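K.L.:
Sharing a model that was predicted from the sequence below.
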Amino acid sequence: MQFNYSFLKNVLDIAPNPIFIYSTEQIIYVNEAAIKLMQASNANDLIGKNFAQYVHPDYIQISANDLKKLFEQQLPVVKSYLKIITLNKSIAEVEVSASLIDYNNKPAIIGIANNLTEVKQLNQKLIEYEKKLASIINQIPHLLFVVTKDGYIKEFFNPHYLPLYKKPKEFLNKNIEEIFPASLAEQIRTKIFALNTTKQNQELEYELVINNREQYFKAYFINFNENEILVSVLQLRNEDYIFKKLFVESQSIKLLINPENGKIVNANKAACEFYGYSFDEITQLNINQINILSDDEIKKAMQLEKENQCHFVNFKHRLKNGEIKEVEVYSGKIILNNQELLYSIIHDKTPVVEQERKFQNLFDNLIEAYALHEIITDATGQPIDYKYLEVNEAFLTFTGSKSKQDIIGKTVKELWPNTEQYWIDIFGKVALTGERISFENYWQVLDRWYLVNAFSPKKGQFAVSFIDITALKKTELQLKIYERAFQNAPASIIITNPWGKIQYVNPFFTQITGYHAQEVFNQNPSILKSGYHNKDFYRNLWETILSGETWIGEFYNKRKDGTYYWENARISPITNTKGEITHFVAIKIDITKQKQMQQALIAAKEKAEQSEKLKTNFLANMSHEIRTPLNAIMGFTELLRNTPITEEEKQEYLKVIAQSSNRLFNLINDILEISKIETGEISVTKNIVEVDKEFDFIYQNLKLEAEEKKLSFFLNPTFPRPLTIETDKSKLLSIVTNLVKNAIKYTHSGYVEFGYVLKGSILEINVKDTGIGIPKEKQNIIFERFVQADMRSNKPYEGVGLGLSIVKSYVEMLKGNIKVNSEVEKGSTFTVKIPVQLTAYQSIENNEQEQLTKPLFQCTHLLIVEDDPSSGDLLTIFLQAYCKQIFRAQNANEALQILQQHPIQIVFSDIKLPDMNGFDLLKEIKKHNPNIIVIGQSGFAMEDDIKAALAEGFDFYITKPFSQNTINRLMNDIAKGISK
């Protein structure tokens, strides 16, 4: 090893272990730790010296042998245990690790020492400490446990053999829940948790039954190490424990007093807190320093205690802050530690005393006359008189007396000899039976009426309050007169408080509104509001009556049963002597019949005017509707007779003549139909109606008319199977035809759709369009005769406005109803609901079966694109009768490959596919061959979905779930299209 002395010295100087370098039998280097070990002043005391001279004689041979091993065996390290003699002649025990190094091309030895002297001294101190600790533990009368923080008992020490709850083998390495009763285990667990979280020692007092005897313990919980705690348990003497529970920990204020000198020898926490002293301060006091009563007062209190045969004495005690408290003290003798002491329990009565003072003050200041009496009876126990024990100031005023001394102690017969026996009898009953009583009576002596409340606070006594109600009685008489007038008035009378809450209504109010008096009490008259009048109406009313004026006007109100009525009202404020409004009174007369007569006259006038206007419009319209088609018929007939024309022109003229003839025919039919309805010549005749067939018939008949206007035209039945019902067929078809034709007539772009759904026994028919719409103000008149919603001259529509009138009449004949939902320029939806009777549809099923077995055509190659196997299988089964070869694809890519390989004629495609949606696939198919018929099929069944699919270019669209009948109809429609 190459030795760089300069570098090594800097490192070795700061090393904590003593280090020596020895060469040619001389010490050539020592660090600071070595100087300290050898007790030298500096390095020069050791440099140049022979290391062997410092080795204890007993260890010289050991040192020589170890050095020999180092040189001869070339070991990297040799460890030696040596004793070294320091410069101060003391012995140091060291363990030396020696290694060979090269120093100026000469071998040298470096020795690193580990001083064992301090370690041995520490070990010795530890042994002595453990002995002392064991001695201390043996002296402490505690039971010690080492418990893990999760509640397992690991060790225990019981030097004084205190009684154990269980044997050691039953609790060592067991959890506390397995050892102790559940309630105690829970308390211990709580203390362990508190110790772990707060890091503060915890205490717990508890009881255990050991050897059939209840014993008391106190446990101290102390942190022992990271994972364990020390629990020290002290057994308490029974009497100490009980005393502590009853005295020290009591919530009551308690003192122990030496009866010989009055010194306070003990006080519990409650006493210290009450008096404001610390324990050391209060136990330096004499009881007379707290009690402020004089000796005479104390004797008087003691005598009162004796007379009343109670163990409580009332005192006044001074607190540390000087505050005086009214207290009730219970005292008794107790012997503790062979010393007789006075055991005192103190109750703070200050709040009670203050309450009594407040009550007395309140009693004296009551407005009501109040008196406390004692009943006087004869030998048989019958009341004959009563004596006054206490009265208040109001009673003196009430009776005209000057002072309480004039009343108290005297009897009623002494004061007022003419008092009626009635008063004595009734008060005697209260005093002797304890019955509480309240009554009104006239006292002839004072010529006044009183409201009397009497009760008995103690047997033989009664307390009475008197309220003078003489003025009230006079007012009551007047009110009875007024009430009789109100009760029999032929008008509604309402009286409210200043805030408008009803306080009184007369019987006529109930007769008119249906509300009983108890129902409207404290209610606002707004319960009668109908919503007819606006806020300004009521604001004006309130401003008028609050200003002190009378409001006169008319109300359109609502009765309890929901019916409406008119009344003329006069509302006035009632004021007191100060001019303040105390009530409002409303007198209202029912004028409903008068209003109805007025409204009937107005309605009759308006109807006459409207009828005249409608008649004029009808005649003008009728003239137009007759002359227009007649003009075409006559004109084109003349052309056919007199003008040479081509065959094509001839057919066109004949078509116009036919259309004009139909228009006239429909007009005459409508007029005849209305006249029959007016005269009641039309009756309901029920027939069997195959709804799906009839709706399809209407669809086919009107399809061309819609196509001529370039409108999309849809039939959307939403019933899962053919529907057969019993109703009046002609009227049902007339209703649907009129509504659909109207929709086509008033729609210039967009679509018209109609359909039906069965809801229970109700057939619901819907006709929807994107036409001109109907203004809201005209939606309630479109069903009247001769009315069109749009009668503007710049937008004429053929017809005289009878179609919807006929529809409504027929709907009502069939016990149904019709509603319209419309928005101008957006379109209209008419909904008809008719009760129907279902009938069997077996024949239709047979027809469907016939259609299934005898398809109208067969295609050669058909492709189903469906990622759901079950849906694909079902569709394959439904289509087997229609196609010789059916191909299947689970995604769009497979479908496109099949299209390249086979001459596909028809494609059924799902809309939602895993790799490409049905719309994109449709575009690819049409690019490949525009003549392929593509049917969209999906679970998306909303109207917007269907319209969107058809708008995208699908030839047909069916929604899941679909039936065989759906496929039959679809394939028949395809066949019809192909045949065309």
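P.N.:
Perfect, thanks for sending it.

K.L.:
contacts and neighbour counts: CA atoms only from here.
P.N.:
Fine.

K.L.:
Give me the distance from the helix or strand hosting N738 to the chain's centre.
P.N.:
Element membership for N738, per DSSP states H and E: helix 729-745. For helix 729-745, the distance from its own C-alpha centre to the chain's C-alpha centre is 53 Å (Cα atoms, centre = their mean, to the nearest Å).

K.L.:
Enumerate the positions of the strand or helix carrying T876 that are buried.
P.N.:
T876 belongs to helix 869-879 when assigned by DSSP H and E. The neighbour-count check on helix 869-879 (16 or more other Cα atoms under 10 Å) flags G872, L875, T876, F878, L879 as buried.

K.L.:
on that earlier part again, which elements pack onto the helix holding N738?
P.N.:
Secondary-structure packing of helix 729-745 (3 or more Cα pairs under 8 Å, 6 or more residues apart in numbering; DSSP states H and E): strand 687-690, helix 691-708, strand 751-759, strand 762-769, helix 803-813.

K.L.:
Could you list the residues in contact with the shortest one?
P.N.:
Taking Cα atoms under 8 Å, 6 or more residues apart in numbering as the criterion, the residues outside strand 687-690 that touch it are P722, L723, T724, I725, E726, T727, D728, K729, T839.

K.L.:
and with 6 Å instead?
P.N.:
L723, T724, I725, E726, T727, D728, K729 (Cα atoms under 6 Å, 6 or more residues apart in numbering).

K.L.:
go on, the second one?
P.N.:
Helix 691-708 is touched from outside by P722, L723, T724, with contacts defined as Cα under 6 Å, 6+ apart.

K.L.:
now do the third one
P.N.:
Contact with strand 751-759 is made by 711-719, 764-770, as judged by Cα under 6 Å, 6+ apart.

K.L.:
what mean pLDDT does the helix holding T876 have?
P.N.:
The average pLDDT within helix 869-879 is 87.

K.L.:
Also compute the angle for the helix or strand just after that helix relative to helix 869-879, please.
P.N.:
Per DSSP H and E, the first helix or strand lying C-terminal to helix 869-879 is strand 883-889. Counting by axes from the mean of the first three to the mean of the last three Cα atoms, to 10 degrees, strand 883-889 lies at 170 degrees to helix 869-879.

K.L.:
I'd like the mean pLDDT over the helix or strand just after strand 883-889, please.
P.N.:
Counting by DSSP H and E, the next helix or strand C-terminal to strand 883-889 is helix 892-901. Taken as a whole, helix 892-901 carries a mean pLDDT of 93.

K.L.:
Give me the buried positions along helix 892-901.
P.N.:
A892, A895, L896, I898, L899.

K.L.:
Which residues are in contact with the first one?
P.N.:
For A892, the contacting residues are M916, by Cα under 6 Å, 6+ apart.

K.L.:
try 8 Å
P.N.:
V865, L913, D915, M916, N917, G918, L921.

K.L.:
now swap in the last one and tell me
P.N.:
L899 makes contact with I925, according to Cα under 8 Å, 6+ apart.

K.L.:
can you give me the helices in the stretch 101-250 of the chain?
P.N.:
Using DSSP state H, counting those that start in this stretch, the helices of the stretch 101-250 of the chain run over residues 117-139, 168-171, 176-179, 182-198, 238-243.

K.L.:
out of the helices and strands packed on helix 729-745, nearest to K595?
P.N.:
Relative to K595, the nearest member of these by Cα to Cα is helix 803-813, separated by 31.1 Å.

K.L.:
Residues contacting the closest one, please?
P.N.:
Counting by Cα under 8 Å, 6+ apart, 670, 673-674, 677, 684, 731-732, 734-735, 738-739, 742, 782-785, 817-818, 832, 834 sit against helix 803-813.

K.L.:
With stretch 439-458 instead?
P.N.:
So stretch 439-458 is in contact with 399, 416, 418-419, 427, 430-431, 434-438, 462-470, 473, going by Cα under 8 Å, 6+ apart.

K.L.:
7 Å instead, please
P.N.:
Stretch 439-458 has contacts (Cα atoms under 7 Å, 6 or more residues apart in numbering) with 418-419, 430-431, 434-438, 462-470.

K.L.:
what's the answer for stretch 930-937, then?
P.N.:
905-911, 954-960.

K.L.:
Among these, name the buried ones.
P.N.:
Q905, I906, V907, F908, S909, D910, I911, F954, F956, Y957, I958, T959.
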